[in-house]
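Chemist: Output the structure for:
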Amino acid sequence: MQRIAHLGSWEWNLKTSEVYWSDETYRIYGHEPGKLVPTVDKLMEIVHPDDRELVRKSIGAAFQKDRPYAFEHRIVRPDGEKRFVNHQAKVYFDDEGELQRMVGTLQDITKRKQAEEALRESEERYRAVVAESVESIFLSDLSTYRILESNVALQNMLGYTSEELRGMSLYDLIAKDRESIDRNTRRTQRGEGYFIGERRYRHKDGSLVNVEVSATRIPYGDEEASCCIVRDITERKALEEQLRHQAFHDSLTGLPNRTLFLDRVEHAIARARRRSGSVAILFVDLDNFKCINDTLGHHVGDELLIAVSDRLLTSRRPEDTVARLGGDEFAILLEETVPRSDAIRVAERITEKLQVPFTLEGHEVFVTCSIGIGFGDSGQDRSEELIRNAAVAMHRAKQDGKAWYQPFDEGMDAQMQERLRLENDLRRALKREEFVVHYQPVVRLDSEQILGMEALVRWEHPEQGLVTPDKFVPLAEELGLIVPIGEWVLREACRQVREWQERYPADQPLRISVNLSARELQHPTLVEVIKEALREAELDPRLLTLEITESAVLKDEEHNIDALRRLGDLGIRFALDDFGTGYSSLAYLKRLPVDLLKLDRSFVETLGEDVEAEILLSGVISIASGLGLYVLAKGVETPEQLARVRSLGCVLAQGYYFSQPLSSEGAMKLLETYNSGATAGSS
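Modeler: Presented below is the predicted three-dimensional model:
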């Protein structure tokens with residue numbers, strides 16, 4: 001909080017109990033700035049003992065006000081000097097309506113209090129004090145409201161001479177507040193004591209001056225007059241306006257923040273309800289903003305947010321509101337009988353405007369956005385519900401490929417609720433040990449013997465039963481839960497295969513394959529976690545195969561290839577999964593330390609139907625063989641497919657022809673069957 005001359009400021013964080021004083025506040029209290037740690041207890045020690053209860057009650061009263069609350073009290077400085085101070089305090093709340101902080105200003109009003117006391121003692125003494133006082137003071141007639149006398153300070157404040165002010169009606173001096181003048185003057189006339197309030201006085205040049213006026217009755221000749229002490233509070237008002245703006249606007253873009261946006265939506269809905277109209281909200285989220293932040297730095301990210309806010313302002317109608325809700329999320333409120341077509345046109349205009357690249361600090365930056373549109377056509381709509389609907393539609397736009405808009409419909413809400421339930425269940429599943437590992441055999445085609453097992457995670461949901469990976473693994477990736485889940489699968493698979501090796505000893509020990517996601521591949525502890533899992537299971541690293549995808553490696557190519565090479569140095573082998581669906585450059589394989597290509601099941605499905613696909617598959621197998629790589633065909637389900645992949649030169653295969661993924665007990669029975677000499681597909 002900046003220092004304003006002669007006006008101290010302070011802030012009390014009601015959540016942490018921390019207190020902040022400006023330098024001027026320290027000076028008013030008689031302390032050197034920064035030499036004393038401010039606390040509420042320290043403040044009460046400075047307060048005059050006789051005024052402490054008053055201060056406690058006044059602070060309590062401030063909590064009940066929705067506007068600045070003023071109170072005065074005495075203080076005792078370290079040197080024993082007693083002073084009078086005036087506090088202005090205001091309480092602020094957070095978005096949930098919880099108390100957040102109390103902010104206030106402080107001014108030494110000792111001279112004013114001394115002047116008031118002197119005025120009460122005698123008219124002559126008053127005249128001397130008025131003439132010398134730095135406070136602006138005037139006397140007014142209690143019945144005619146005309147100024148009787150004024151001092152130089154008031155004349156300088158308002159630009160009038162003493163003669164011009166004498167006889168002037170308060171109605172002419174005070175702007176637009178005649179009823180208040182009458183009401184408060186009557187209070188003074190009735191002897192109800194001290195009055196303090198805020199006014200706007202008219203300067204001689206026509207401008208308005210914000211002032212605080214305190215008034216009381218004093219003897220004046222044979223009658224009484226109203227003695228008014230006037231303080232220019234322009235600086236304080238500016239500070240209050242600054243604090244108010246900060247409370248309701250985004251500090252980076254200057255746009256309304258979530259609090260102000262919610263308030264405007266509430267009012268817009270109320271207006272639409274009265275006029276049988278409608279409103280719409282566009283929820284705008286930048287696509288891949290984190291990547292820009294991470295690549296070019298947060299300062300460029302901030303510049304981009306400012307530039308985007310400018311384009312959003314030029315895309316809306318004059319009567320609409322653009323707000324920044326936080327991060328890279330913006331919202332636009334469309335008011336006054338908005339047809340759906342108008343909202344869609346605004347969304348299309350935003351999408352088009354953001355297609356033009358931004359030039360930021362020498363960088364050409366491209367950005368797109370996903371937009372959700374929520375419509376408020378019902379009298380039951382509330383601001384939070386309308387914004388939530390727009391946010392739900394925005395998430396659907398992201399799921400559908402980003403860089404476009406999506407209007408909300410009720411089906412989305414049901415899907416989002418289901419996703420939320422699944423997300424909550426997934427967060428608890430690991431602690432509740434609801435995950436299990438299923439195993440699918442990898443078969444060597446020349447002998448049809450099981451060479452190894454692929455570990456596949458399954459989720460045994462307490463209500464939904466067995467949940468397949470396609471239903472929860474993408475969500476686990478998004479939530480960052482795939483790393484602990486993957487670590488658990490790795491440890492369990494290594495332990496299980498080691499148990500099988502001991503139960504079924506063979507010249508070629510059983511291998512185990514475990515899938516590795518992009519997040520796991522980039523995790524800094526990956527190598528140590530794998531080492532620990534191998535050590536715990538006492539498993540030979542050469543019998544572990546980690547399955548990766550091209551897309552996972554390409555997300556951070558240099559880092560990921562380095563991690564693979566460090567793991568390869570331990571003896572671990574690698575398989576490139578779903579080959580043929582991604583980048584699929586055979587030349588690219590030279591850079592990857594892989595031993596095995598797992599052909600995507602789409603190759604096998606079209607065998608015998610698509611001649612070109614078969615020729616392509618034959619070429620891939622031939623080139624892979626030349627590079628010293630084994631090739632595994634996934635999705636083998638029929639004897640015909642088995643015969644075809646074998647004739648094309650595939651060494652390994654997986655699929656339902658051999659076995660579907662099995663529980664550990666089922667996999668053990670399968671191993672017993674194979675070890676007893678039975679052949680795949682015979683049952």
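
Chemist: which residues sit in contact with the residue located most distally from the centre of the chain?
Modeler: Using Cα atoms, centre = their mean, the residue of the chain lying farthest from its centre is Asp222. It sits 68.2 Å away. Listed by Cβ atoms under 8 Å, 6 or more residues apart in numbering, Asp222 has no contact partners. Glycine gets a C-beta too; all of them are placed from N, C-alpha and C.

Chemist: can you check Ala518 too?
Modeler: Neighbours of Ala518 in contact, by Cβ under 8 Å, 6+ apart: 477, 549, 551-552, 555.

Chemist: With Val338 instead?
Modeler: Going by Cβ under 8 Å, 6+ apart, the list of residues near Val338 reads 277-280, 375.

Chemist: I'd like to know how far Arg166 sits from Glu478.
Modeler: Distance of Arg166 to Glu478, computed by Cβ to Cβ, to the nearest Å: 76 Å.

Chemist: Check Arg236 too.
Modeler: For Arg236, the distance to Glu478 equals 49 Å [Cβ to Cβ].

Chemist: shaky segments in the stretch 251-400 of the chain?
Modeler: By pLDDT under 70, the low-scoring segments of the stretch 251-400 of the chain are 337, 377-381.

Chemist: all helices of it, in order?
Modeler: Ranges of helices within the stretch 251-400 of the chain are 258-274, 289-296, 298-315, 340-354, 383-399, based on DSSP state H, counting those that start in this stretch.

Chemist: hey, which of the ones you listed is tucked in deepest?
Modeler: helix 383-399 (a mean of 20; mean count of other Cβ atoms under 10 Å).

Chemist: That one packs against which elements?
Modeler: helix 258-274, strand 279-286, strand 369-376, strand 405-407, helix 410-429 (3 or more Cβ pairs under 8 Å, 6 or more residues apart in numbering; DSSP states H and E).

Chemist: Pick out whichever of the contacts of Val338 sits closest to Thr321.
Modeler: Distance to Thr321, by Cβ to Cβ, is smallest for Val279 among these, at 10.4 Å.

Chemist: Tell me, how many residues neighbour that closest one?
Modeler: Neighbours of Val279 under the rule other Cβ atoms under 10 Å: 26.

Chemist: With Leu534 instead?
Modeler: Leu534 has 21 nearby residues by other Cβ under 10 Å.

Chemist: do the one 4 residues further on as well
Modeler: By other Cβ under 10 Å, the residues close to Glu538 number 11.

Chemist: Show the average pLDDT along the longest helix that the chain contains.
Modeler: The longest helix of the chain (DSSP state H) is helix 482-503. Averaging pLDDT along helix 482-503 gives 94.

Chemist: Quick one: distance of that helix to the chain centre.
Modeler: Put simply, helix 482-503 sits 37 Å off its chain's centre (Cα atoms, centre = their mean, to the nearest Å).

Chemist: Ends of stretch 308-323, what's the gap?
Modeler: For stretch 308-323, the first-to-last residue distance is 12 Å (Cα to Cα, to the nearest Å).

Chemist: now what about that stretch, what contacts it?
Modeler: Here stretch 308-323 has contacts from 250, 253-258, 260-261, 264, 284, 286, 324, 330-336, 346, 349-350, 353-354, 358, 367, 369, using Cβ under 8 Å, 6+ apart.

Chemist: same check, this time on stretch 553-565
Modeler: 518, 521-522, 526-527, 548, 552, 574, 582-583, 591-593.

Chemist: Which of those sits closest to Ser58?
Modeler: Gln522 (57.0 Å).

Chemist: Next one: that closest one from Leu516, what distance?
Modeler: 10 Å.

Chemist: just to revisit the earlier point, out of the helices and strands packed on helix 383-399, nearest to Leu543?
Modeler: helix 410-429 (28.8 Å).

Chemist: Could you check the angle the closest one makes with strand 369-376?
Modeler: 120 degrees (axes from the mean of the first three to the mean of the last three Cα atoms, to 10 degrees).

Chemist: Good, wrapping up.
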